[in-house]
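Engineer: coords please:
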Amino acid sequence: MNPSASGPVQRPSLALLGAEPFRAAIEFARHHLVKATAVKSGDGHPVVIFPGLGAGGGSVATLREHCRSLGYDAFDWGQGFNIGPQGDLDAWLETLKCQVTRLLSSHEQPATLIGWSLGGLYARELGKLMAPRLRQVITIGTPFNAEADHTNAGWLYRLLSGSSAVLDPELSQRLRTPPPLRTTSIYSRTDGVVAWQTCRHEKRSKLVHDIEVDGCHIGMGRNREVLDAVTDRLGQAPGPWRRYVSAH
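Structural biologist: Residues are numbered from 1 along each chain as shown. I've put the predicted structure just below:
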């Protein structure tokens, strides 16, 4: 990966990593103490949410309920705990595509895919396989533009590339390439698990958009800024979208 404008990409500090549980607890408390009143204005289109590694539907429950409160038909990926791709990556993704297609079988409207961390890589790759069936892809804290040593979760990449801790150039380029549809990446410079630079697109286009929030990696599913950004993205009309302007 090319060095960013702010210098070479480095994995988050151990101090940031160690503070993740404490900061996530604060996010949890804030969410329950200060609940925003949702305006149910969504068009009802389906939203499929993919959890991070080692997590299941419960981890994205807040995000799912938030989407539902806005008027969207939101549900998690329906595969239980995310234990990473099994076997050949392409074959596994094809199976996941079939499963998601079945989830969407009762809907005529194009769907939004939302993925948190590793789940965001699934959402992006499925975006390439299912583009005509989709409206957009949203990722949260997803290091699609990274090498193994840019994250405090190098095992994430070993799941994708096999036993090697280093991504081969072909797979690395593949993960960096966005789907051929509107794609938003939500990231935080104070993420304690992945380097924030790895969650940004290298090449600008009308289809990709990066949104910065203030939060920790494992608390993003309840982070008010994240939920506000998701609200904005879901409410965008099909076609060219307006730039996101944070309310905070």
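
Engineer: Distance check, Thr184 against Asp191.
Structural biologist: Here the criterion is CB to CB, to the nearest Å. By it, Thr184 lies 16 Å from Asp191. The C-beta positions use only the backbone N, C-alpha and C, and glycine is treated the same way.

Engineer: swap in Gly57?
Structural biologist: In this structure, Gly57 and Asp191 are separated by 23 Å, where distance is defined by CB to CB.

Engineer: Please work out the average pLDDT along the one helix or strand Thr184 maps to.
Structural biologist: Of the helices and strands defined by DSSP states H and E, Thr184 is found in strand 183-188. Averaging pLDDT along strand 183-188 gives 95.

Engineer: what number of residues lie near the residue nearest to Leu118 when sequence neighbours are not counted?
Structural biologist: Here the nearest residue to Leu118 in space, its sequence neighbours aside, is Leu53; by CB to CB, 6 or more residues apart in numbering that works out to 4.3 Å. Counted with other CB atoms under 10 Å, residues neighbouring Leu53 total 17.

Engineer: again, but for His201
Structural biologist: Taking other CB under 10 Å as the criterion, the count of residues near His201 is 18.

Engineer: ditto for Pro46
Structural biologist: 23.

Engineer: same check, this time on Ser205
Structural biologist: Residues near Ser205, counting by other CB under 10 Å, number 10.

Engineer: picking up where we left off before, thought the residue nearest to Leu118 was touching Phe81?
Structural biologist: No - with contacts defined as CB atoms under 8 Å, Leu53 does not count as touching Phe81, sitting 9.0 Å away.

Engineer: and stretch 119-131, C-alpha only, in CSV?
Structural biologist: Provided in CSV are the C-alpha atoms of stretch 119-131 (Å, rounded to 0.1, in the frame of the first residue of the first chain):
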residue,chain,number,x,y,z
GLY,A,119,-18.2,-8.5,7.3
GLY,A,120,-17.6,-5.5,5.2
LEU,A,121,-15.2,-7.5,3.0
TYR,A,122,-18.0,-9.9,2.4
ALA,A,123,-20.4,-7.0,1.6
ARG,A,124,-17.9,-5.6,-0.9
GLU,A,125,-17.1,-8.9,-2.6
LEU,A,126,-20.8,-9.7,-2.8
GLY,A,127,-21.4,-6.3,-4.3
LYS,A,128,-19.2,-7.3,-7.2
LEU,A,129,-21.2,-10.6,-7.6
MET,A,130,-24.7,-9.2,-7.1
ALA,A,131,-24.4,-5.6,-8.4
